[in-house]
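sequence and predicted structure are below.
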Amino acid sequence: MEIRVGNGYDVHALAPGLRLRLGGVDIESPVGCVAHSDGDVAIHALCDALLGALALGDIGGHFPDTSDEFKGIDSRILLGRTMSLIREAGYGVGNADITIALQRPKLASYIPSMRETLAGIMEVPVTSVSVKATTTEKLGFVGRQEGCAVYATVLLFGNQSRRSEFFEK
Ligand code: MG
């Protein structure tokens, strides 16, 4: 058994009148993320953590924001595809911990649905997925409500021999 850890970080600018979707859940908000995809910055950070754990590059390399294929794409699909890669490499998710930095709106009431959604896609129990929200006390770009930043950490466990086969292909 091999254990791997990965971290991911993503930021999107916020602008009025756009949809705000975080962790696969639509949030009622006067501002949303500027993005090529649906702008789900939480899922993007999570995908980067998953890819990072196996040194498989980053989300931009796998799903380029210059490609029409990914224009407006539901980021839940990107997470599903990232999970296919992880499984193909012989790994499963132990747990994930995500911190969303957003000044407003308050996210507390959405967190249970985010955890359920992400756990469902990663095929792990809800208790293996943590989502936390924080403001930055009005400091910096998050505090000025110019953007949303997300930090994600994941632990993967897997089989070293299956991993070797995957990377030798
Ligand atoms: Mg992004």
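Structure's in. What do you need? Bear in mind that the values here come from a model prediction, so they are computed numbers and not experimental data.

so where does residue 106 fall, helix or strand?
For residue 106, there is no enclosing helix or strand under DSSP states H and E.

quickly note the distance from it to the ion.
22 Å (CB to the ion, to the nearest Å). From N, CA and C alone the C-beta is placed, and that goes for glycine too.

roughly how far is the longest strand anywhere in the chain from the heart of the chain?
Secondary structure of the chain per DSSP state E: the longest strand is strand 2-16. On the basis of CA atoms, centre = their mean, to the nearest Å, strand 2-16 sits 6 Å off its chain's mean C-alpha point.

and stretch 55-67, by the same measure?
Stretch 55-67 sits 13 Å away from the centroid of its parent chain (CA atoms, centre = their mean).

got the buried residues for the longest strand of the chain?
4, 6, 8, 10, 11, 12, 14 (16 or more other CB atoms under 10 Å).

what do you get for stretch 108-115?
Residues of stretch 108-115 classed as buried: 110, 111, 114, 115 (neighbour count, 16+ other CB under 10 Å).

show me which residues of the protein sit near the ion.
Residues of the chain lying near the ion by CB under 5 Å from the ion: 10, 44.

and the residue nearest the centre of the chain?
Most central in the chain under CA atoms, centre = their mean is residue 43, positioned 2.2 Å from the mean C-alpha point.

ok, the nearest residue to residue 23 once chain neighbours are set aside to residue 139 distance?
Nearest residue to residue 23, sequence neighbours excluded (CB to CB, 6 or more residues apart in numbering): residue 114, at 3.0 Å. Distance, residue 114 to residue 139, using CB to CB, to the nearest Å: 24 Å.
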